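> Give me coordinates for this.
(2 chains)
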2 protein chains.
Amino acid sequence: MDLERVQRTLAQEGLDGWLLYSFGPSNPLALEVLGLRGHLTRRFAYFIPKEGRPTLLCHAIEESLFPPLEGERRTYARWEEFVQGLQDLLEGSHRVALEYVAGGQIPYLSRVDGGSLDLLRGMGLEVVSSWPLLLLFQVWDEATLALHKEAARGLERATDRALALLREGGVSEKEVQEALVEALAQEGLVFDHPPMVAFGENAANPHHTPGTRRLRRGDVVLLDLWAKRPEGVYADITWMAGWDPPKEAVAAFRAVREARDRAVAFLRDRYAQGLLPRGFEVDRLVRTWLEERGYGDQIRHRTGHNLGREVHGAGPHLDDLESHDFRPLVPGLAFTVEPGLYPGPFGVRTEINVYLQPEGPEVTTRAQEELELL
Amino acid sequence: MDLERVQRTLAQEGLDGWLLYSFGPSNPLALEVLGLRGHLTRRFAYFIPKEGRPTLLCHAIEESLFPPLEGERRTYARWEEFVQGLQDLLEGSHRVALEYVAGGQIPYLSRVDGGSLDLLRGMGLEVVSSWPLLLLFQVWDEATLALHKEAARGLERATDRALALLREGGVSEKEVQEALVEALAQEGLVFDHPPMVAFGENAANPHHTPGTRRLRRGDVVLLDLWAKRPEGVYADITWMAGWDPPKEAVAAFRAVREARDRAVAFLRDRYAQGLLPRGFEVDRLVRTWLEERGYGDQIRHRTGHNLGREVHGAGPHLDDLESHDFRPLVPGLAFTVEPGLYPGPFGVRTEINVYLQPEGPEVTTRAQEELELL
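Numbers count the residues shown, from 1 in each chain, chains lettered A, B, ... in the order given. Predicted coordinates for the structure are as follows:
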């Protein structure tokens, strides 16, 4: 952890410290910041004051599960000692960052339970969201970006193999999914859940589970796949094809493609002006543009999500739909741009990945221009 | 879900309803109550009013991931609709149960994030802990108890195999662990983490990771293993041996054995009197007894934990150490009784499982009387 940078951010934000607080793995953000992988089952707290050394407070029985962490280490056995230990850590602090968001509006960031929040407020603390500090851990360096690009190339090659299989004809969703899984394994990539393959009307369900349905004339085909190098971060792409697809699907695909490119242009434009766009702004822009073309009632999800060690990272999303993501899109962040339309008889989506270089957005994946005709 | 029973409990507790609220899998209690297994990533709420039918409010994109649930089903797409939908669900309710515990004092039960708690309070609700409702889902029926006993027999047979291997001599912790893993697999049992095997001073660390250390004269041996039938609930036992163990270890083992039996006697006595003991009372009794014999500074964990589909279940624990578990030990619950002492050069623990029959405690596992001599 770059303690100096964290403490500089604490000073900038007018905070007395950052309390990373979790019951076992209940706060995944705290675990990621501290690099914890062990099998934790008790409460712990790691307090970073605006000046001086951090302190870990963990249960005596679990001390051996914590890696070396910067600063002091204290243990508790009894619950009264935990509460007293917290109070000692926070002595003299008034305004403290926590994995908390007012109203839970960005649920990814609101991870400390309500009872513990009451406890901290009862100690006289003003609790604010830790998102500006978390951002420091959500940006990628060059090495991480390189691993992401390796994953992206693997996804693209797997997609091409699936397209070849589709062109042979007569396949089911499940068979295409199995071919993708095999291709990703051969690429040395791992993933949390297998790829999505949806034909025809199934493409209208953004979370469809591939089944035995076979490809028919008039179908669109939607492939959505995400994976990473075991030590890396995710790439996540969608690619679409069609066998004599309906004209409406071709037109809808062109609309999402245009919306996607407008999102990237917006980011480029803001960076060129020296401004930091915010997650919700990109989503709003894309949705407004699609709404104005009469597609408003066919939108079912946000424009994009952050990418990290999890495919749905905890960094800023392009979202004013499911949540109001007010966070700035700072250099070093990566995310998907994936507008989709789901009228019912079919669905369309295009999905690219974007990494923010200091000078502006870099699109790290292939960008599809038209439905692939089978 | 036995809706009638839930609503009867709501009436008894003077509650207007129970709000099961989660962001994806963040509230594991809500997932277990609703029988949800899918890959959820958005916020949902399921409200059970004191009268009438429950309502599910979930994101449109995830609707297909929810199994049929009793009552009505509503979806939201935009975050404003989620907040409005919540408000509609809770209209007319004032006092509502939630996975919340004041001060987070039983962290297993405090699962809704602080930001969402603020949101609910901002709607004028009084939020109270849902533990009395959760208890209805934490008790076992006869079929579940039978599966637990199957697991217990498997653990005992695996223990016997490990003891036979230890008697052959020259083995390392890791080798004994591997033998246990193999034995459990042959029994058709599954587990979250492999068994614990600790020799000598390593037994003083209740969360030791088995390594290459070999058995030496003067060592105690601590085996702790837990497993379940894939469709069942856990059993969790500790068994101890020694190769010419120190006299102090033999004496300490007798002390924890006596403490264990006193805990069971206390439960039996309370049930005979028609009283419901509480989790913290059993822990306090065991600790007081050990403290009075001069072992107070060697105690490092609570007396026992609830058993369920997870080895550390979310039901009442025998705990006034790590948390103050005020919940009543009602018939149908099961838990471990596992006092341990960890002076440093060695550690001792004995662990049995107890199921509460309507007439009193039933010990479902073998109870060790003396260290097994190797």
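> Flag every buried residue along stretch A:343-351.
By 16 or more other C-beta atoms under 10 Å in any protein chain shown, the buried positions in stretch A:343-351 come out as A:343, A:346-351. Using the backbone N, CA and C atoms, a C-beta is placed for each residue, glycine as well.
> quick one: low-confidence parts of the stretch 1-150 of chain A?
Of all residues in the stretch 1-150 of chain A, none has pLDDT under 70.
> how does it look with 80?
By pLDDT under 80, the low-scoring segments of the stretch 1-150 of chain A are A:38.
> now swap in the stretch 201-350 of chain A and tell me
For the stretch 201-350 of chain A (pLDDT under 80), the answer is none.
> Spatially central residue in chain A, please.
With distances taken as C-alpha atoms, centre = their mean, A:G313 lies nearest the centre of chain A, 2.4 Å away.
> how near is the closest residue to it other than its chain neighbours to A:Q138?
Spatial nearest neighbour of A:G313, excluding adjacent residues (C-beta to C-beta, 6 or more residues apart in numbering or on different chains): A:N306 at 3.6 Å. According to C-beta to C-beta, to the nearest Å, A:N306 and A:Q138 sit 7 Å apart.
> Next, the angle from the host helix or strand of A:S116 to helix B:114-122.
For A:S116, the host element (DSSP states H and E) is helix A:114-122. Inter-element angle recorded for helix A:114-122 and helix B:114-122: 80 degrees (by axes from the mean of the first three to the mean of the last three C-alpha atoms, to 10 degrees).
> what ranges do the strands span in the stretch 201-350 of chain A?
According to DSSP state E, counting those that start in this stretch, the stretch 201-350 of chain A carries its strands in the segments A:220-227, A:235-242, A:334-337, A:340-341, A:348-349.
> CSV please, covering these and showing distance to A:L120.
Shown next, in CSV, are the strands of the stretch 201-350 of chain A (distance: least, C-beta to C-beta, whole Å):
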stretch, distance to A:L120
strand A:220-227, 36
strand A:235-242, 36
strand A:334-337, 31
strand A:340-341, 40
strand A:348-349, 42
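> which stretch among those comes nearest B:V197?
Closest of the strands of the stretch 201-350 of chain A to B:V197 is strand A:220-227, at 36.2 Å (criterion: C-beta to C-beta).
> The closest residue to A:D236 other than its chain neighbours: what's it in contact with?
The shortest distance from A:D236 to any non-neighbouring residue, by C-beta to C-beta, 6+ apart, is to A:W226 (3.7 Å). Neighbouring residues of A:W226 by C-beta atoms under 8 Å, 6 or more residues apart in numbering or on different chains: A:155, A:191, A:195, A:234-237, A:311.
> just A:A102 next, same as before
Contact partners of A:A102, counting by C-beta under 8 Å, 6+ apart, are A:129, B:115, B:118.
> circling back to that earlier point, A:N306 and A:Q138: which has the busier surroundings?
Legend: neighbour count by other C-beta atoms under 10 Å in any protein chain shown for A:N306 and A:Q138, higher for A:N306 (25 against 22).
> Alongside chain B, which residues does the stretch 51-200 of chain A contribute?
A:59-62, A:64-65, A:77-79, A:82-83, A:98, A:100-105, A:107-108, A:110-119, A:122, A:127, A:193 (C-beta under 8 Å from any C-beta of the partner chain).
> In strands only, show me those residues.
A:59, A:98, A:127 (DSSP state E).
> most surrounded residue in the residues you listed?
For those, the largest number of neighbours (other C-beta under 10 Å) sits with A:L98, at 26 neighbours.
> my read: A:E322 touches B:F44, true?
No. Taking contacts as C-beta atoms under 8 Å, A:E322 lies outside contact range of B:F44: 11.8 Å.
> list residues touching both of those two?
Shared contacts of A:E322 and B:F44 (C-beta under 8 Å, 6+ apart): B:H59.
> Which residue, other than its chain neighbours, is closest to A:D113?
Excluding the flanking residues, the one nearest A:D113 by C-beta to C-beta, 6+ apart is B:S110, at 4.1 Å.
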